[in-house]
Structures are given as structure tokens and as C-alpha cells.
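J.: need coordinates for the following:
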Amino acid sequence: MKVLVINGSPHPNGCTARGLTEVEETLKKHGVEIERINVGVKDVRGCIGCGFCREHGRCVFNDIVNETAPKLKEADGVLVGSPVYYAGCNGQLLAFLDRLFYSTATTVDKTMKVGAAVVSSRRAGSTSAFDEINKYFTISAMPVVSSTYWNEVHGFTAEDVEADLEGLQTMRNLGNNMAFMMKGIALARKEAGVPAQERGQFTNFHEG
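T.: Down below sits the predicted model:
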């Protein structure tokens with residue numbers, strides 16, 4: 001089993017990374033392979049809706065998004081972490097996720113890959129950022145992994161996060177739950193495959 005970890009923070013060893021590390025170490029205890037990529041320091045532009053990916057199966061901008069697409073295809077789960085800015089995620093991360101999920105819509109079957117979000121904040125705004133990330137999973141037939149609280153850690157520095165004992169506990173529970181879900185889905189996949197996803201309807205509300 002393999003989990004692709006996406007760190008959206010521009011600080012590779014900051015608060016978000018500390019929360020992700022706690023999840024990663026728990027996953028490793030279950031024999032899960034981890035690959036982490038850091039996108040917060042990358043030059044990532046947003047989607048321009050050009051449709052190039054529909055025809056060519058990759059984004060028109062050949063950057064970390066296209067580099068990540070094969071890793072997404074191989075992964076059984078995706079763990080996305082972000083710091084909180086103005087009660088939302090890092091803008092680079094959102095641009096990255098927009099393009100990654102859209103450009104792989106026809107080339108990477110995400111059905112029943114599990115998704116988990118981790119956010120870090122000094123004080124507040126974390127639940128809205130948490131919600132932003134989870135929407136990428138719920139639009140892609142990806143089960144969302146929960147824990148025993150919202151998947152968040154608190155602090156201004158990585159050292160501060162060490163004192164957030166409940167947050168770190170939440171991260172460990174998230175790792176255990178994520179491993180359990182991936183293993184359970186893998187067993188079900190062998191026995192019955194994955195649920196079929198209807199894709200034929202596309203309603204344009206302007207046309208009625």
C-alpha cells in the first residue's frame with residue numbers, strides 16, 4: 001500500500017509538516033509506503049480552463065502537476081496538508097489541486113482511493129481550510145478519512161505543535177484509520193471490484 005503525501009506549506013519543516021509526519025509514522029507501522037512532495041515552494045499557476053488536458057491527458061503547463069500525476073495513479077491514498085491563511089488553504093496548494101484533479105479526470109481513476117486532509121493554524125480558520133481540501137476527494141468518489149477530532153494541529157512553529165498533544169493524538173488516529181480503510185478497500189476490491197460510477201449526465205442549468 002502506498003500513500004502520496006502533499007505538503008502545501010512553503011515551510012517544508014514547519015507546523016503542517018510536523019502534523020503530516022505524525023500521520024506518516026503511524027502509517028509506516030502498518031507497512032504503508034510513503035512518498036511526500038512539497039508544493040508550497042513551487043511556482044504553481046492556476047487552471048486556465050483551456051481544455052488541453054481533455055485532449056492530451058496532461059496539463060498544458062508542464063510542471064510539478066504533471067510530475068505528480070503518475071504518483072497519484074499509483075497511490076492507494078492521498079494525504080494533503082496545508083497551513084491556514086485567512087481561514088483558507090495556501091493558494092499555491094489550491095492551484096496545484098485544481099489542476100491535478102482536473103487534468104487527471106480521464107487518466108487516473110480515483111474511485112475508492114482514500115483521501116485525508118491535515119491543516120495547521122496558530123489559532124483559528126482551520127475548519128474552513130479542512131473543508132476546502134475534502135471537497136477534492138468527495139467530487140472524485142474518494143472516501144474521506146476521519147479521526148477523533150478535526151484533522152488539525154495548532155502552533156506558530158513546529159516546536160509549538162509538539163505541545164499540542166491532542167492534535168498529535170488526532171494525527172495518529174488519522175493514520176490508523178487511513179491504514180484500516182485502505183486495507184479494507186483493497187480486500188473488497190479483490191472480492192467485488194469497485195462501485196461503478198455513472199458519468200453520462202451533464203446538466204447545464206441554463207438550458208433547463
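J.: for this structure, what's the longest helix?
T.: Ranked by residue count under DSSP state H, the longest helix found in the chain is helix 165-192.
J.: report all helices and strands that that one contacts.
T.: On a contact count with 3 or more Cβ pairs under 8 Å, 6 or more residues apart in numbering; DSSP states H and E, helix 165-192 meets helix 15-29, strand 77-83, strand 114-121, strand 152-154, helix 158-162. Glycine gets a C-beta too; all of them are placed from N, C-alpha and C.
J.: could you report the pLDDT at the spatially most central residue of the chain?
T.: In the chain, the residue lying closest to the centroid (Cα atoms, centre = their mean) is Val80, at 3.2 Å. pLDDT for Val80: 98.
J.: can you check Phe202 too?
T.: pLDDT recorded at Phe202 is 85.
J.: got phi/psi on Trp150?
T.: phi -60, psi 140 (degrees, to the nearest 10).
J.: for the residue nearest to the centre of the chain, give its distance to Glu132.
T.: Applying Cβ to Cβ, to the nearest Å, the value for Val80 to Glu132 is 10 Å.
J.: likewise for Val32?
T.: Per Cβ to Cβ, Val32 is found 25 Å from Glu132.
J.: same check, this time on Phe52
T.: With Cβ to Cβ as the criterion, Phe52 and Glu132 are 25 Å apart.
J.: these two - which one has more neighbours?
T.: Neighbours per residue (other Cβ atoms under 10 Å) separate Phe52 from Glu132, with Glu132 holding more: 20 against 14.
J.: and that one, helix, strand or coil?
T.: helix (DSSP: H, G, I helix; E, B strand; the rest coil).
J.: which residues are in contact with the closest residue in space to it that isn't next to it in sequence?
T.: Closest residue to Glu132 apart from its sequence neighbours, by Cβ to Cβ, 6 or more residues apart in numbering: Cys89 at 5.1 Å. Contacts of Cys89 were listed using Cβ atoms under 8 Å, 6 or more residues apart in numbering, and they are Gly8, Ser82, Pro83, Val119, Ala129, Glu132, Ile133.
J.: from the residues you listed, pick the one nearest Asp63.
T.: Gly8 (15.0 Å; Cβ to Cβ).
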